[in-house]
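# With the sequence up front, the predicted model follows.
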Amino acid sequence: MKKLILLFSVLVTTVISSSGQGSSDYGGGIKLNVNQEGTKYVRFITWNQTWFRASQMNPGTTVGGEAATKNYDVGMRRLRMLAYAQVSKRYMVLAHFGINNQTFLNGGASGSTGTGGYGAGKKPQLFFHDFWNEYAVIQPTKENKNSSLTVGAGLNYFLGISRMTYASTLNFLTVDSPIFSWATIENSDQFARQMGFFAKGKLNKLEYRFALNKPYATNLAPGNASAADKAVAVDNNGKSAFAKTGYVEYQFLDSESNFLPFKVGTYLGTKRVFNIGAGFYSQPKGTKSQVNGTVSTHNINLMAVDAFLDMTIGKKEKNMAITAYSGLFNYNFGPNYLRNLGIMNVGVADANFKGTDKLMAGAGNAQPMIGTGTIFYTQAGLLLPKTKEKPKMRVQPFAAYTMKNFEALPTSVSNVDLGANWLIDGHHAKITTQYSLRPGIEASTGNKKSMGEFIMQLQVYL
């Protein structure tokens, strides 16, 4: 841990000393005009998020075949490229591709293992996150600036539920998403995306997004429970019925752009935003359970209500700002449904572990993440005032809290995150440090535990 803190200090000093670029240098980003008027163009965005981690492992974990109670590593959380082309005033096509979650021993190409050119963790495969076309049916006019309707189709990010479900990965307040808001992540979706049709638009202060998507097929076999109260629903949707989803919000102050679906995590004092929203996701027969040999199907019904605030405070020249978000999520995947996940989890279960404190979530940094039940999530951050001294790095401390009350667990569990953004050039060049406590429940006793993890993220995007 001391070595990581020292490394952080060196990196901050190095980056600040070379930060001749400011936000004004970024301008409109990487844009290629196709005509002289600039109405037809191609816009490119690329970003890199590298994580340095010091993690406390769950009891009974091995890393690389060796027993481990702690782990220190470097991982590529996201390496992405996004491009969209405005072919006409009404027609646009968007493509978004890249890799995620590459570590020193996993996240590589399919089948990569062992030692060598395609050894463990090497040469991950690029894949499309999004690829859709859209057409503006109703465009804003001088007389009616805030009414619009756009329809589209393809591999899309329109999965309803909440603002966090639409989160942009470029401008999080905390180091990352709380993950549970991407409720079908990597089961019936492709990295939080599904194929289908969508409609988005505005009606004065109201913004709306709706979609009809075809979830990817899932086929997990349900265990055979001896009684109904012990049945456990698993992802098994057979031929996969269409999912209906949507999110609607009322924007009380400044109107946010809906040109792209990605919701901003923090505006860093550049807008005055206060929104209240509600969303849903519904798929018939999305899961299955089994009791005494009889298989039952269950509908997936997910709902949420949330609120987002981002505005300046204090003297204008100081440019201080607060950011806050809270959401209440109600998930029903069927009886006792539960998914345990760990971001870039490098740990596997130790078959020779003799301890009695193994966790229900499993090995590595896995924790109860998504399940039937309720989740309350809140986060808040404060952008500290500008200073006259150079370099003009901004600092934004933040905190987040999650409470999960899942049907499959004997008790509720909580996450706590504390950290700060060190903003060298806004979100375009920043370092984020975060310390998190994740929950665990001992399988043998039901006692709750907390495991710690320190993350330092280096982010650059153009």
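Everything's here; your move. Just so it is clear, the structure is predicted and the values come from calculations on it, not from any experiment.
# residue contacts, residue 462?
26, 29-30, 45-47, 428 (CB atoms under 8 Å, 6 or more residues apart in numbering). Where C-beta positions appear, they are placed from N, C-alpha and C, glycine not excepted.
# Enumerate every residue touching the closest residue to residue 67 other than its chain neighbours.
Distances taken as CB to CB, 6 or more residues apart in numbering put residue 350 closest to residue 67, at 5.6 Å, once the chain neighbours are dropped. The contact partners of residue 350, by CB under 8 Å, 6+ apart, come to 60-62, 67, 363.
# Out of the residues you listed, who's the most crowded?
residue 61 (28 neighbours; other CB atoms under 10 Å).
# For that one, name its beta-bridge partners.
Beta-bridge partners for residue 61, by DSSP bridges, are residue 349.
# what's the spacing between it and residue 343?
Separation of residue 61 from residue 343 (CB to CB, to the nearest Å) stands at 15 Å.
# Tell me, please, the helix or strand in the chain that averages the lowest pLDDT.
Every helix and strand of the chain was ranked by mean pLDDT, DSSP states H and E. The lowest is helix 2-17, at a mean of 41.
# Could you list the buried residues of stretch 37-53?
By neighbour count with 16 or more other CB atoms under 10 Å, stretch 37-53 contains the buried residues 40-41, 43, 45, 47, 49, 51-53.
# Closest one of those residues to residue 111?
In terms of CB to CB, no member of the buried residues of stretch 37-53 lies closer to residue 111 than residue 51, at 24.5 Å.
# isn't residue 89 right next to residue 135, touching?
No - using CB atoms under 8 Å, residue 89 is not in contact with residue 135; the gap is 10.5 Å.
# ok, these two, which is more surrounded?
residue 135 (13 against 10).
# Now the buried residues of stretch 37-53 in CSV, please, with extra columns for distance to residue 119.
Output for those, formatted as CSV (distance: CB to CB, whole Å):
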residue, distance to residue 119
40, 45
41, 42
43, 37
45, 31
47, 27
49, 23
51, 21
52, 22
53, 21
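# I'd like the list of these that fall within strands, please.
When DSSP state E defines the strands, the subset of these inside them is 41, 43, 45, 47, 49, 51-53.
# quick one: contacts for residue 362?
Residue 362 neighbours (CB under 8 Å, 6+ apart): 58, 340, 349.
# Show me just the buried residues among those residues.
Buried among the contacts of residue 362 (16+ other CB under 10 Å): 58, 340.
# Closest one to residue 378 out of the contacts of residue 350, please.
Taking CB to CB as the measure, residue 378 lies nearest residue 363 of the contacts of residue 350, at 29.3 Å.
# picking that back up, pick the one among the contacts of residue 350 closest to residue 205.
residue 363 (48.1 Å).
# So what does the closest one look like in phi/psi?
phi -100, psi 180 (degrees, to the nearest 10).
# let's have the chain start at 42 instead
Sure, I'll start numbering at 42, so the last one becomes residue 404.
# how about stretch 450-464 as PDB, C-alpha atoms only?
C-alpha atoms of stretch 450-464 as PDB (Å, rounded to 0.1, in the frame of the first residue of the first chain):
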ATOM      1  CA  LEU A 450     -29.300 -13.300   1.600                       C
ATOM      2  CA  PRO A 451     -30.000 -13.700   5.400                       C
ATOM      3  CA  THR A 452     -29.300 -10.000   6.000                       C
ATOM      4  CA  SER A 453     -28.900  -6.800   4.100                       C
ATOM      5  CA  VAL A 454     -25.300  -5.700   3.000                       C
ATOM      6  CA  SER A 455     -23.700  -2.400   2.300                       C
ATOM      7  CA  ASN A 456     -20.900  -0.900   0.300                       C
ATOM      8  CA  VAL A 457     -18.900   2.300   1.200                       C
ATOM      9  CA  ASP A 458     -16.700   4.200  -1.300                       C
ATOM     10  CA  LEU A 459     -14.500   7.200  -0.400                       C
ATOM     11  CA  GLY A 460     -12.200   9.000  -2.800                       C
ATOM     12  CA  ALA A 461     -11.300  12.000  -4.900                       C
ATOM     13  CA  ASN A 462     -10.900  13.100  -8.500                       C
ATOM     14  CA  TRP A 463      -7.600  14.900  -9.300                       C
ATOM     15  CA  LEU A 464      -8.700  16.900 -12.400                       C
END
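# Now do the buried residues in it.
450, 453-454, 456, 458, 460-464.
# again with stretch 316-335
Applying 16+ other CB under 10 Å to stretch 316-335 flags 316, 318-324, 326-332 as buried.
# same thing with stretch 209-227?
210-226.
# Out of the contacts of residue 391, which is nearest to residue 282?
Using CB to CB, the contacts of residue 391 come closest to residue 282 at residue 404, 34.4 Å.
# There's contact between that closest one and residue 96 in this structure, I believe.
No - taking CB under 8 Å as the definition, residue 404 is not a contact partner of residue 96, at 11.8 Å.
# Residue 260 and residue 377: what is the separation?
On the measure of CB to CB, residue 260 and residue 377 end up 19 Å apart.
# Many thanks, I have nothing further to ask.
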